[in-house]
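K.L.:
quick one: sequence and predicted model below, then my questions.
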Amino acid sequence: MALSQGFHAAIQEKKRAALLSIGSATLLLCLKTFLVVRTGSLGVLSEALHSGLDLVAAVITFLSVRVSDRPADERHPYGHGKFENFSAFIETGLLILTAVYIIYEAFQRLFFHTVHIQPGLEAFLILFVALAIDLNRARALNKVASHHESEALEADALHFSTDVWSTLVVILGVALVWAGDRWNLPWLVYADSLAGLAVAGVILWVGSQLGRRTLDALLDAAPSGLQDQIVSAIEGIEGVLRADRVRLRRAGNRYFVDATVSVARTANLEQVHELTDRIEKRVAQIVPADVLVHAEPRAPRDEHLFESVRAVALRLGLAVHDVTASQQDGDLFVELHLEVDENLSLREAHRRATDLEDGIRALGNGNVDVNIHIEPLGRHIATPETRAGEMRQLEMAVESFLNRMTSAYDELLNTHDVRVRQVDHHILVSCHCVMKSELSITRVHDVLAALEDDVKERFPQISRVTIHPEPTEAS
């Protein structure tokens, strides 16, 4: 709700700025048109034309701001932001047309016919009033344009910023003509035409800058350096091996970023999803963007053999565990446990194991020997058989036996939470063993395997023992 209210407030602020621009342009056009009639100055005429252009541009800006902030729809899946860029492009064309007319009129007055100019005090007053309006409007538009990154409002603000300089040039031109009349310097009559040419030059320069930027936006040209910045940011995220390709385009004040990244091929779907979320958030910190990330599985340069083995199994859709390897005389021997559907026949299970063996052998160019233990992948949820009395007695016996084993195993501290269940005519035991915290997990595994063997030797009726190791801090 707060986000929606903030978005609505931003739209209203942009609309108010655009309406203020329309009002200011209308007032300036009226003042300068009156001044053209009273003075006949080309400089003032060029300013009046410029203000007329500003009024048209302000109306276009207002309309584009209203349209560009509409949400995406079926016909415009990327939103309506391009309307701002297009309106700025139209304003560029109007600027150039105005400048061409001013240049034409200036050359006519300089070389072919003379226009008598009648500057007076009211001309200077009106021009200074126009200057003050231009200054205030440019400052207000720039503030809103910067805050909301609106290219249309920025273009409008740029127009009024150039009006400040062009109005100063016109004031200078009119002042020189007035001085020529007062001190009988007829050659100063050309100052007005030269002032018009100066205004046209400013318009052309501003138009070329604005035109280049808006054309870049319409043609989806990336701002200089932004793509490299995004690539560096993405490659700095843990889990990204490389940013293979990054493309971006702009529509209004928003960017659309497509990124193809390489990730470890052993990463699961949830890990990749979490990684793409982090990429999207990181890019959004650089520019306001709609980000689409495509992840490509790759083998890291320093990928461990066990990770390569798991990657082969993952590619075949197989679950493996207990991967071990040894190397002797240049030959590699790999052992692992393969989990398959418990309802598969031996023939089908063996076929899958053979496919996995072939994939693992390919890792070592044929100098790899593979032995796979096949076991059922548990899917069936069994219901224990209820013989609580006998099971409780066995639990106490197993717990007592394991706690006596602390004398044989220095690593073992105590045993608790022993549970015994009879499932499908098999007796299963699970328990928790507290062990020294500083032990390596390899040593812990070896001790637990030995303990499990000891329990099954002492209690032959037990089919399986599962021991959960705990450090002393967790007990």
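P.N.:
That came through, no problem.
K.L.:
what's near enough to touch Lys281?
P.N.:
By CB atoms under 8 Å, 6 or more residues apart in numbering, no residues touch Lys281. (C-beta placed from N, C-alpha, C; glycine too.)
K.L.:
please repeat the previous calculation with a cut-off of 10 Å.
P.N.:
Ile237, Val291 (CB atoms under 10 Å, 6 or more residues apart in numbering).
K.L.:
and it, which helix or strand is it part of?
P.N.:
Here Lys281 sits within helix 269-286, counting by DSSP states H and E.
K.L.:
how about the strands in the stretch 301-450 of the chain?
P.N.:
Applying DSSP state E, counting those that start in this stretch to the stretch 301-450 of the chain gives strands spanning 319-328, 331-341, 368-377, 412-423, 426-435.
K.L.:
as TSV, those strands with mean pLDDT and mean neighbour count would be great.
P.N.:
Formatted as TSV, the strands of the stretch 301-450 of the chain follow (pLDDT from 0 to 100; neighbours: other CB atoms under 10 Å):
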stretch	mean pLDDT	mean neighbour count
strand 319-328	86	13
strand 331-341	88	16
strand 368-377	86	15
strand 412-423	90	18
strand 426-435	90	19
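K.L.:
tabulate those (a markdown table), appending distance to Ser208.
P.N.:
As requested, the strands of the stretch 301-450 of the chain are exported to a markdown table (distance: least, CB to CB, whole Å):
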| stretch | distance to Ser208 |
| --- | --- |
| strand 319-328 | 64 |
| strand 331-341 | 67 |
| strand 368-377 | 66 |
| strand 412-423 | 79 |
| strand 426-435 | 76 |
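K.L.:
and Glu270, which of those strands is closest to it?
P.N.:
When the strands of the stretch 301-450 of the chain are compared by CB to CB, strand 319-328 sits nearest Glu270, at 15.9 Å.
K.L.:
neighbouring contacts of that closest one?
P.N.:
Against strand 319-328 from outside (CB under 10 Å, 6+ apart): 304-307, 309-310, 312-314, 332-340, 356, 360, 364, 367-373, 375, 377, 445.
K.L.:
can you rerun that using 8 Å?
P.N.:
In contact with strand 319-328 (CB under 8 Å, 6+ apart) are residues 305-306, 309-310, 313, 332-339, 356, 373, 377.
K.L.:
check stretch 412-427 too.
P.N.:
Taking CB under 8 Å, 6+ apart as the rule, stretch 412-427 contacts 382-385, 387, 391-392, 394-396, 398-399, 402-403, 405-406, 428-436, 447, 451, 461-464, 472, 475.
K.L.:
let's see it at 7 Å
P.N.:
382, 384-385, 387, 391, 394-395, 398-399, 402-403, 405-406, 428-436, 447, 461-463, 472 (CB atoms under 7 Å, 6 or more residues apart in numbering).
K.L.:
just the buried residues of the helix holding Lys281, please?
P.N.:
Neighbour-count burial for helix 269-286 flags Val272, Leu275, Thr276, Ile279, Glu280, Arg282, Val283 (criterion: 16 or more other CB atoms under 10 Å).
K.L.:
same list, these, but as a markdown table with pLDDT and distance to Arg351 please.
P.N.:
A markdown table is the format used below for these (pLDDT from 0 to 100; distance: CB to CB, whole Å):
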| residue | pLDDT | distance to Arg351 |
| --- | --- | --- |
| Val272 | 92 | 29 |
| Leu275 | 94 | 34 |
| Thr276 | 93 | 35 |
| Ile279 | 94 | 39 |
| Glu280 | 92 | 42 |
| Arg282 | 93 | 45 |
| Val283 | 92 | 45 |
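K.L.:
widest-spaced pair of those residues?
P.N.:
Val272 and Val283 (16.5 Å).
K.L.:
name the helices or strands packed onto the next helix-or-strand element following the helix holding Lys281?
P.N.:
Using DSSP H and E, the helix or strand that directly follows helix 269-286 along the chain is strand 289-298. Contacts defined by 3 or more CB pairs under 7 Å, 6 or more residues apart in numbering; DSSP states H and E place strand 289-298 against strand 254-264, helix 269-286.
K.L.:
between these, which gets the lowest average pLDDT?
P.N.:
Of all the helices and strands packed on strand 289-298, mean pLDDT reaches its minimum on strand 254-264 (a mean of 88).
K.L.:
partner strands of it and their direction?
P.N.:
strand 240-251 (antiparallel), strand 289-298 (parallel) (DSSP bridges).
K.L.:
to Gln227, which of those lies closest?
P.N.:
Once the strands paired with strand 254-264 are compared by CB to CB, strand 240-251 is nearest, at 5.8 Å.
K.L.:
surely Ala88 touches Leu210?
P.N.:
Yes - between Ala88 and Leu210 there is a contact at 6.3 Å, judged by CB atoms under 7 Å.
K.L.:
neighbour count for these two, which is higher?
P.N.:
Higher neighbour count among Ala88 and Leu210: Ala88, with 28 against 21, using other CB atoms under 10 Å.
K.L.:
any idea how far the more buried one lies from Ala200?
P.N.:
Plainly put, Ala88 is 20 Å away from Ala200 if you go by CB to CB, to the nearest Å.
K.L.:
make CSV from the strands paired with strand 254-264 and add mean neighbour count, distance to Leu413 and mean pLDDT to it.
P.N.:
Shown next, in CSV, are these (neighbours: other CB atoms under 10 Å; distance: least, CB to CB, whole Å; pLDDT from 0 to 100):
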stretch, mean neighbour count, distance to Leu413, mean pLDDT
strand 240-251, 18, 42, 86
strand 289-298, 17, 43, 89
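K.L.:
let me see the contact set for Leu439.
P.N.:
Glu411.
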